[in-house]
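K.L.:
What follows is a predicted structure for the sequence shown.
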Amino acid sequence: MLRLSILPLLLVGVAGVLGYRMNTPAIDSIPIAPADVVIYGRVWTGDSTKPWAQAVAISGEKISGVGDSSSIAAQVGPGTRIIRNGAMVVPGFMDGHTHFIYGGFQLTQVDLRDADSPKEFVRRIKNYAAKAKPGEWILGGNWDHERWAGTPLPDRSWIDSVTPNNPVFVDRLDGHMTLANSLVLKLAHIDRSTKEVAGGTIVRRPDGEPTGVVKDAAQNLVYAVQPTPSPQQSDAAIERAMRWAASHGVTGVADVSVPWFEVDALQRAHAAGRMITRVAVYVPLQDWRRMAELVKAKGMGDDWLRVAGVKGYVDGSLGSTTALFYEPYNDAPQTSGLLVTPEDSLRSWIGSADSAGLQVAIHAIGERANGLLLDIYDSVSKAHGSRDRRFRVEHAQHLRRQDIGRIARLGIIASMQPYHAVDDGRWAEKRIGPERIKTTYAFRSLIDAGARLAFGSDWTVAPLDPLQGIYAAVTRRTWDGKNPGGWVPEQKITVEEALRAYTGGDAYGVFAEQKRGKLAPGYLADITVIDRDLTRIPPETIEKARILLTVVGGKVVYQHQ
């Protein structure tokens, strides 16, 4: 429980003298009137020249001082709000890769993430359907068939009898494979005569009948008939997502693969002054022209809502055996993955988006997908000339050693999700073998090569929780407990390196490093307070840490009760 109080200046000064003794400069501040808020704790500033302090002062929406507790006391006045008992104070966490509105929807949809058997999978859908209105679509899911040892992919026959009145379309947790019931297949006109979709797969039974599982681009057949949420539903989902982010210390997100109805919802929230999370929007790559027209008409936005990016796909995912590799999968030798978007389309759309001044972020997971994307980025940069474009590789999961150096040399941002490493690490080796996993989620190698990392979650694919991500990056202990010393341990990084990727790295990833990502005078007062100092506890206990307070723009948007 935080203790909040307003203390006379004299008492604060005494408290400062009795507080932490650290070898930090006395104070770094902007001379102003008394601060609105002062937060005391062990402050990690994110500024490599002055990494540690004891207090942060906030005036309005910005930081007015960072320094030792006794000096910051000079900014305390009769109306200053004092916040103590924050063991660690850090720049507001950011999440470099989310599907934000879908996260807001998922919070009220069927949850299959920890369903450990087909029986439990069916039970949860049955119970959810019993409360749903006839005709209402059942969405969400996040199931993981790797939890069902020896069991094949789910089949629509599992759920047809328990969902006779409701269309069902539930994702595998990576979003690249989804199970539809027979009602959905009928609506989407998917049957044994349906031709395969380029960049996707319709999984079939031996007789040619669809099982209900569709992968990657084949999912578009269903998306085309899925109802668009109403404005009221979208507004509620954005509200839920922002509150959820605040409760996990997240003050800003990069929001990728954004549907246009979400752009509208975010603009409504911004216009109404309801934003408590800063959002950078990346719409589908093929919509680059529409995004360019929007930017031309209205600009790129402001500190709350930046609308200036596009996001595309090279391949699928490792879990769905659709990530694109140079060599076949060990456990599925008939495939080496899928090129989800044709190469000529990728080259054309990326080039056009870059010419229009948009930031480009592209999903690439397999080695071949990453190699191809780096080739395209390199050729576009050379053709269009030097500028601050900040190309992003979303995921950069499986890399050839030579491509690690290329990412650094080309100045490309590696937007990565540490949670995936300790989740996929349970079974990744059976997919790609012991040699290819050596440069899987290569955090250490990328940092050592000089690459910029921007960490995130891929919510809803993984939990929107930077503390779990830091735990994963630092320990690499897989969730099944079978790698206590770390999975591919040579790719571990330090706590401060992980913190930097969740703060300054993410700020740089959305062109916000001059205003966010560190605690310094003049920067926006986006601050996260944690119940323990992550740098002074055993790394394996980081996942037990909790968020005490989240501040965005100088306002407390979450407080642990």
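P.N.:
Okay, I see it. Numbering: from 1, shown residues only.
K.L.:
any low-confidence regions in this structure?
P.N.:
For the chain, the stretches flagged by pLDDT under 70 are 1-32.
K.L.:
rerun at 90
P.N.:
Where the chain drops to pLDDT under 90, the residues are 1-33, 85-86, 113, 146-152, 173-176, 561.
K.L.:
Give me the longest strand you can find in it.
P.N.:
Counting by DSSP state E, the longest strand found in the chain is strand 81-91.
K.L.:
and residue 502, how many neighbours?
P.N.:
By other C-beta atoms under 10 Å, 32 other residues sit near residue 502. The C-beta positions use only the backbone N, C-alpha and C, and glycine is treated the same way.
K.L.:
Touching, it and residue 471? I think so.
P.N.:
No - Residue 502 lies out of contact with residue 471 (C-beta atoms under 8 Å); the separation is 11.8 Å.
K.L.:
Would you tell me what the next helix or strand after the longest strand of the chain is?
P.N.:
Next helix or strand after strand 81-91 toward the C-terminus (DSSP states H and E): strand 93-98.
K.L.:
Check which element follows that following strand along the chain.
P.N.:
helix 100-106.
K.L.:
And that following helix, what does it pack against?
P.N.:
Where contact means 3 or more C-beta pairs under 8 Å, 6 or more residues apart in numbering; DSSP states H and E, helix 100-106 is packed against strand 140-143, helix 231-247, strand 250-256, helix 260-271.
K.L.:
Residue 260 against residue 291, yeah?
P.N.:
No - using C-beta under 8 Å, residue 260 is not in contact with residue 291, being 9.7 Å away.
K.L.:
what is in contact with those two at once?
P.N.:
residue 283 (C-beta atoms under 8 Å, 6 or more residues apart in numbering).
K.L.:
Name the residue in the two with the higher neighbour count.
P.N.:
Per other C-beta under 10 Å, whichever of residue 260 and residue 291 has more neighbours is residue 291, with 24 against 14.
K.L.:
which secondary structure element contains the more buried one?
P.N.:
According to DSSP H and E, residue 291 maps onto helix 288-298.
K.L.:
tell me the angle of that helix relative to helix 260-271?
P.N.:
Calculated by axes from the mean of the first three to the mean of the last three C-alpha atoms, to 10 degrees, helix 288-298 forms an angle of 20 degrees with helix 260-271.
K.L.:
Send over the next helix or strand after helix 288-298 as CSV, restricted to the C-alpha atoms.
P.N.:
Next helix or strand after helix 288-298 toward the C-terminus (DSSP H and E): strand 305-313. C-alpha atoms of strand 305-313 as CSV (Å, rounded to 0.1, in the frame of the first residue of the first chain):
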residue,chain,number,x,y,z
LEU,A,305,-1.7,9.8,-30.5
ARG,A,306,0.8,9.4,-33.3
VAL,A,307,-0.6,8.2,-36.6
ALA,A,308,2.2,7.8,-39.1
GLY,A,309,3.1,4.1,-39.6
VAL,A,310,2.3,1.0,-41.5
LYS,A,311,2.9,-2.7,-40.6
GLY,A,312,3.1,-5.7,-42.9
TYR,A,313,4.0,-9.4,-42.8
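K.L.:
Of the helices and strands packed on helix 100-106, which is nearest residue 65?
P.N.:
strand 250-256 (19.4 Å; C-beta to C-beta).
K.L.:
Give me the contacts around the closest one.
P.N.:
The contact list for strand 250-256 (C-beta under 8 Å, 6+ apart) reads 92-101, 245, 262, 266, 277-282, 309, 311, 361, 394, 415, 454, 456, 464, 466, 506-507, 509-510, 512, 516, 526-528, 550-552.
K.L.:
mind checking how far that strand is from the chain centre?
P.N.:
In terms of C-alpha atoms, centre = their mean, to the nearest Å, the centre of strand 250-256 is found 7 Å from the chain centre.
K.L.:
same deal with stretch 407-427?
P.N.:
With C-alpha atoms, centre = their mean, you get 12 Å for stretch 407-427.
K.L.:
Give the buried residues for it.
P.N.:
407-408, 412-427 (16 or more other C-beta atoms under 10 Å).
K.L.:
Same check on stretch 324-333?
P.N.:
For stretch 324-333, burial by neighbour count (16+ other C-beta under 10 Å) applies to 324, 325, 329.
K.L.:
And stretch 299-313, by the same measure?
P.N.:
300, 301, 304, 305, 306, 307, 308, 309, 310, 311, 312, 313.
K.L.:
I'd like the residues you listed laid out as a markdown table, including distance to residue 438.
P.N.:
Below are the buried residues of stretch 299-313 laid out as a markdown table (distance: C-beta to C-beta, whole Å):
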| residue | distance to residue 438 |
| --- | --- |
| 300 | 40 |
| 301 | 41 |
| 304 | 42 |
| 305 | 41 |
| 306 | 37 |
| 307 | 39 |
| 308 | 37 |
| 309 | 32 |
| 310 | 32 |
| 311 | 28 |
| 312 | 28 |
| 313 | 25 |
